[in-house]
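Any chance you can model this:
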Amino acid sequence: MTSAMATAAAGREVRAISLIGFGHFLSHFYMFGLMPLFPAIREDLGISWLQIGVILTASNVATGALQTPMGLLVDRFGARKILIGGLFITGGAFGLAGFSDSYLSLLVLVFLSGAGNSVFHPADYVILTASVDGSRHGKAYSMHSFGGQLGMAAAPAGMAFLLSVTDWRTAVMIAGIAGVALSFVFVFSGDTLREDAERKKRQKTDASWKSMINRAVILLFLFYALTAGSNIALTGFAGKVFPALYDVTAAEAGYLLSVLLFSVAMGTLFGGWLADRSQRHDLVLTLAFTVYAAMLVTVGSAYVGIAAIVGALIIGGFVRGIVNPSRDIMVREIAPAGALGTVFAFVSTGFNVGQGLAPLAYGALLDGGFTNEVLYLSAGFIVLAIGLLFFSRDRRF
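Predicted coordinates:
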């Protein structure tokens, strides 16, 4: 390859990673963007907190239930067109929520936005894998995770800012327009976003999706569910846990959570570099998660000062971010040819399972006054996830 060709290829890869990363940013932004608006929405529509909870459930159920079917569609019809459609639906439905004149219409639009969100993991990973040289997949996957982490971290602050200068309806409209606009950018992305070269070959075979969901894939699904169940302890309940353990305000608890989330984002970037150089991704995950579990126990003990807790959150968040690219490389390695979208979709559904079930346990603990135990249980989920690495065949997936 000539120098000019290499430069052109590198530029195309950067564009592909940037576009997919920004799409993943919006995906996570939409997942968390309504939360700061809930008090205003509740007052405007005259609904209960239980009905607010149903809104979150509707979004999560839509994404989780449709993710594997979307993976099948990605592998059959191509990732780019499915991603464009999903992004348009996600952004459009989110923006249209600003016109809701009743709880039911809001619930339907949130469900539709969650349904559109189901395309991102299968489509994104297929496009990145096809668009970026294999020696740089770790970095590409890390930038993908980095974009999602930034979206998660930016959503509360971004939507709170919009709410401070306008109303909740205008805030969601503005956020929705960004997704619709990006979907049109994807339409005119030319050769930047490439497809899975094995997809058409696989269409000529009789392989069914059931043949793709093997023992290794199921173990990764469980791994995703356990780690997601652990994550939601702090991302979902920091506003209750930190004030109870360390006598901080709700606003200060939000700052502590931001420290953790931005540290995860930074760790993800380093994890991409590490994933491209490591042959033992299982060892990377084991070591990083051991440190993260220790952080959770330390924070949960409430025996150390707030300065030490900030340090623990920085270190714990960083090592938590390291695991993401290595985990994604492991999924790529076990996926049959032409079925990458389906496999990524199936294992990613573990996120929804973990995030959907674990809060029930955490909520029960908090209702019973067991605040420390919330983080101990979160650490326990991490220990179980490490156990999957150790007790699976060949000590890897």
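
make it CA atoms for all contacts and neighbour counts henceforth
Noted.

show me what contacts residue 286?
386, 389 (Cα atoms under 8 Å, 6 or more residues apart in numbering).

what about whatever helix or strand it lives in, distance to the chain center?
Under the criterion of DSSP states H and E, residue 286 resides in helix 281-301. Its chain's C-alpha centre and that of helix 281-301 lie 19 Å apart, by Cα atoms, centre = their mean, to the nearest Å.

List the buried residues in that helix.
By neighbour count on 16 or more other Cα atoms under 10 Å, the buried set for helix 281-301 is 281-286, 288-300.

Run a quick neighbour tally on residue 108.
Neighbours of residue 108 under the rule other Cα atoms under 10 Å: 17.

roughly how far apart are it and residue 177?
18 Å (Cα to Cα, to the nearest Å).

And residue 347, by the same measure?
Residue 347 is 30 Å from residue 177, by Cα to Cα.

what do you get for residue 82?
19 Å.

Same question for residue 381.
Applying Cα to Cα, the value for residue 381 to residue 177 is 38 Å.

more crowded one of those two?
residue 381 (23 against 18).

so that one makes contact with residue 233?
No - counting by Cα atoms under 8 Å, residue 381 does not reach residue 233; the two are 10.4 Å apart.

Show me how far the helix or strand containing residue 323 is from its chain's centre.
Here residue 323 sits within helix 306-334, counting by DSSP H and E. Centroid separation for helix 306-334 versus its chain: 13 Å, with Cα atoms, centre = their mean.

Does anything pack onto the helix or strand following that helix? Which helices or strands?
Scanning forward in sequence from helix 306-334 by DSSP H and E, the next helix or strand is helix 340-367. On a contact count with 3 or more Cα pairs under 8 Å, 6 or more residues apart in numbering; DSSP states H and E, helix 340-367 meets helix 49-77, helix 120-131, helix 209-212, helix 215-246, helix 306-334, helix 371-391.

Out of those, which is closest to residue 26?
helix 120-131 (10.1 Å; Cα to Cα).

quick one, the closest one and helix 49-77 angle?
Between helix 120-131 and helix 49-77, the angle comes out at 30 degrees (axes from the mean of the first three to the mean of the last three Cα atoms, to 10 degrees).

quick one: average confidence on the following helix or strand past helix 120-131?
Counting by DSSP H and E, the element after helix 120-131 in chain order, helix or strand, is helix 137-165. Taken as a whole, helix 137-165 has a mean pLDDT of 84.

quick one: helix 137-165 to chain centroid distance?
10 Å.

Counting neighbours, which bits of the next helix or strand after that helix end up buried?
Under the assignment DSSP H and E, the closest C-terminal helix or strand after helix 137-165 is helix 168-187. Using 16+ other Cα under 10 Å as the test for burial, helix 168-187 gives 168-180, 182-183, 186.

could you dump stretch 43-62 to CSV, C-alpha only?
Output in CSV follows, covering the C-alpha atoms of stretch 43-62 (Å, rounded to 0.1, in the frame of the first residue of the first chain):
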residue,chain,number,x,y,z
GLU,A,43,-45.8,18.1,37.5
ASP,A,44,-46.8,19.0,33.9
LEU,A,45,-48.7,15.8,33.2
GLY,A,46,-49.9,15.2,36.8
ILE,A,47,-48.5,11.6,37.0
SER,A,48,-47.1,9.5,39.9
TRP,A,49,-43.6,8.4,40.5
LEU,A,50,-44.8,4.8,39.8
GLN,A,51,-45.8,6.0,36.3
ILE,A,52,-42.4,7.6,35.9
GLY,A,53,-40.8,4.3,36.7
VAL,A,54,-43.0,2.6,34.1
ILE,A,55,-41.5,5.0,31.5
LEU,A,56,-38.0,3.7,32.3
THR,A,57,-39.2,0.1,32.2
ALA,A,58,-40.9,0.7,28.8
SER,A,59,-37.7,2.0,27.3
ASN,A,60,-35.6,-0.8,28.7
VAL,A,61,-38.0,-3.5,27.7
ALA,A,62,-38.2,-2.2,24.1
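
Pull out the buried residues from it.
Neighbour-count burial for stretch 43-62 flags 52, 55, 56, 57, 58, 59, 60, 61, 62 (criterion: 16+ other Cα under 10 Å).

I'd like the residues you listed as a markdown table, with pLDDT and distance to residue 98 appended.
A markdown table is the format used below for the buried residues of stretch 43-62 (pLDDT from 0 to 100; distance: Cα to Cα, whole Å):
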| residue | pLDDT | distance to residue 98 |
| --- | --- | --- |
| 52 | 76 | 16 |
| 55 | 83 | 14 |
| 56 | 77 | 16 |
| 57 | 78 | 19 |
| 58 | 84 | 17 |
| 59 | 85 | 16 |
| 60 | 80 | 20 |
| 61 | 84 | 21 |
| 62 | 90 | 20 |
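
pLDDT (mean, whole number) over stretch 122-129?
Per-residue pLDDT over stretch 122-129 has a mean of 87.

got the contact list for it?
For stretch 122-129, contacts defined as Cα under 8 Å, 6+ apart pick out 16-17, 20, 24, 67, 70-71, 74, 79-80, 82-83, 137, 140-141, 193-196, 340-345.

same thing with stretch 260-268?
With contacts defined as Cα under 8 Å, 6+ apart, stretch 260-268 is touched by 142-143, 145-146, 149-150, 152-153, 313-325.
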